[in-house]
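> need a structure here:
(one chain, ligands or ions: 1)
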Amino acid sequence: MKQLEIPLLTARQIEVRVAQIGKKGDGLSLLLYKDARTDMEVLDAIFGPMGWQRHHSRDNANCTISVWDDEKGQWVDKEDVGTESNTEAQKGLASDSFKRAGVNWGIGRELYTAPYIWIKNGQNCTIQNDNGRFKCYDKFEVLEIGYNEHREITRLVIANAKTKNVVYQYGTGARQASKAVESKPKETPDQPAKPAEKPISGGSTMADVGTLATEEQKEYIRKNASDEEYMDIMQEYGAELENLPYNDALFRIKEIDRNNSDQMPKCTRCGKIVTGWALPDGTTMTASEIIGKSKISYGAVYCGPCCVALKKEARKREAKKNEAS
Ligand SMILES: [Zn+2]
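This is a model prediction of the structure:
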């Protein structure tokens, strides 16, 4: 079976939830995870909607994701078992075993390289004492994620979705440059280890707080924001975005990405929303780049996998023609 590159999860595709609240209520740890929708999105994008299937056994405790191998003409299976965790009881075994089987195909495996994330109570989150039981109702979201060439997380920025404060930063550099950081002990998202090292977090100690947006961020906004979004940002921060704070830029960029992905046109061939696509050589193309290129090459909108398939078909036809002549 030919080696297909599973794209690394984007900030939009990563969910955050509270893993554990400290015994004294002084802080909490966070966990990165993926939603089953993300697995479907990635499987559709890589193998095509008709190129994969799932089935469950043992009352949904097991899930097998099968992918069609064109060369061998057969389905290739990968199976895993779900666990009914307290925090996700409502989501159920089926979705859990599906997500785990997805990891076996490589979807979101990079989340296992996440650092231990500890957030202090107070400025960064609000922990309430409910008759001796600590609770936190805050929601968190990933604003920025970066990886090295080994598909390990080297950059992570998390915000409190309620207060809009950046509450956790890991690694250095903005979205363009994510220099590899020294390798940290890997932890599985389901079993967070004890707080070993001090994470780079905590409101006032963060290097980027109060600094202005980088040139790369501004460039990204100029290129990808809709007219309406851009006008809105300009009105608030000036024509050259000269007063746009770094942290606010992160939020704006995430918002732009989200709006863009919602409005992405669908592939003419497979009907799926066109998403970003990792080429076999490791470079990635954004959805807009793919749409632009496919419009030029084929006169219609095609997703990454369909573009590749069309190219292959064209090459086959060409070869046949040459054979005949
Ligand atoms: Zn397609």
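> And for the longest helix belonging to the chain, what's in contact with it?
Longest helix in the chain, counting residues (DSSP state H): helix 304-324. With contacts defined as CB atoms under 8 Å, 6 or more residues apart in numbering, helix 304-324 is touched by 45-48, 267-270, 274-277, 285, 290, 293-294, 297-298, 302. Every residue, glycine included, has its C-beta placed from N, CA and C.
> Now, of those residues, which are buried?
Those of the contacts of helix 304-324 that meet the buried threshold are 45-48, 267, 269-270, 274-277, 285, 290, 294, 298, 302, by 16 or more other CB atoms under 10 Å.
> Near the ion, list only the ones from those residues.
Under the cut-off given by CB under 5 Å from the ion, the ion has Cys267, Arg269, Cys270 from the buried ones among the contacts of helix 304-324 close to it.
> residue contacts, the closest residue to the ion within the stretch 51-200 of the chain?
Taking CB to the ion, the ion has its nearest neighbour within the stretch 51-200 of the chain at Gly51, 10.6 Å off. Listed by CB under 8 Å, 6+ apart, the contact partners of Gly51 are Leu43, Val67, Trp68.
> got the CA coordinates for the helix or strand harbouring Asp257 in CSV?
With elements delineated by DSSP states H and E, Asp257 resides in helix 246-263, which encompasses its position. As requested, the backbone C-alpha atoms of helix 246-263 are provided in CSV (Å, rounded to 0.1, in the frame of the first residue of the first chain):
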residue,chain,number,x,y,z
TYR,A,246,0.1,39.6,19.3
ASN,A,247,-2.4,37.8,21.3
ASP,A,248,-5.3,39.4,19.6
ALA,A,249,-3.8,38.5,16.2
LEU,A,250,-3.9,34.8,17.3
PHE,A,251,-7.6,35.1,18.0
ARG,A,252,-8.3,36.9,14.7
ILE,A,253,-6.3,34.3,12.7
LYS,A,254,-8.2,31.4,14.3
GLU,A,255,-11.5,33.2,13.6
ILE,A,256,-10.4,33.8,10.0
ASP,A,257,-9.4,30.1,9.6
ARG,A,258,-12.7,29.0,11.0
ASN,A,259,-14.8,31.2,8.8
ASN,A,260,-12.7,30.2,5.8
SER,A,261,-13.1,26.5,6.5
ASP,A,262,-16.9,27.0,6.9
GLN,A,263,-17.1,28.7,3.5
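> Tell me which other helices or strands it touches.
Using 3 or more CB pairs under 8 Å, 6 or more residues apart in numbering; DSSP states H and E as the contact criterion, the secondary-structure elements in contact with helix 246-263 are strand 140-147, strand 153-160, helix 215-224, helix 227-237, helix 287-298.
> try 6 Å
Other helices and strands packing on helix 246-263, by 3 or more CB pairs under 6 Å, 6 or more residues apart in numbering; DSSP states H and E, are strand 140-147, helix 215-224.
> what's the first one in contact with?
Outside of strand 140-147, the residues that reach it under the criterion CB atoms under 6 Å, 6 or more residues apart in numbering are 8, 11, 14, 16, 30, 153-161, 175, 178, 250, 254.
> tell me the mean pLDDT for it?
In this model, strand 140-147 has a mean pLDDT of 93.
> so it versus helix 246-263, what angle?
Taking axes from the mean of the first three to the mean of the last three CA atoms, to 10 degrees, strand 140-147 and helix 246-263 form an angle of 90 degrees between their directions.
> can you pull the alpha-carbon coordinates of strand 140-147 into PDB?
C-alpha atoms of strand 140-147 as PDB (Å, rounded to 0.1, in the frame of the first residue of the first chain):
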ATOM      1  CA  PHE A 140     -10.200  26.400  26.500                       C
ATOM      2  CA  GLU A 141      -9.100  26.500  22.900                       C
ATOM      3  CA  VAL A 142      -5.900  25.900  21.000                       C
ATOM      4  CA  LEU A 143      -4.900  29.100  19.100                       C
ATOM      5  CA  GLU A 144      -1.600  27.900  17.700                       C
ATOM      6  CA  ILE A 145       0.100  24.600  17.100                       C
ATOM      7  CA  GLY A 146       3.500  23.900  15.600                       C
ATOM      8  CA  TYR A 147       5.400  20.700  14.800                       C
END
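> Alright, I will stop here.
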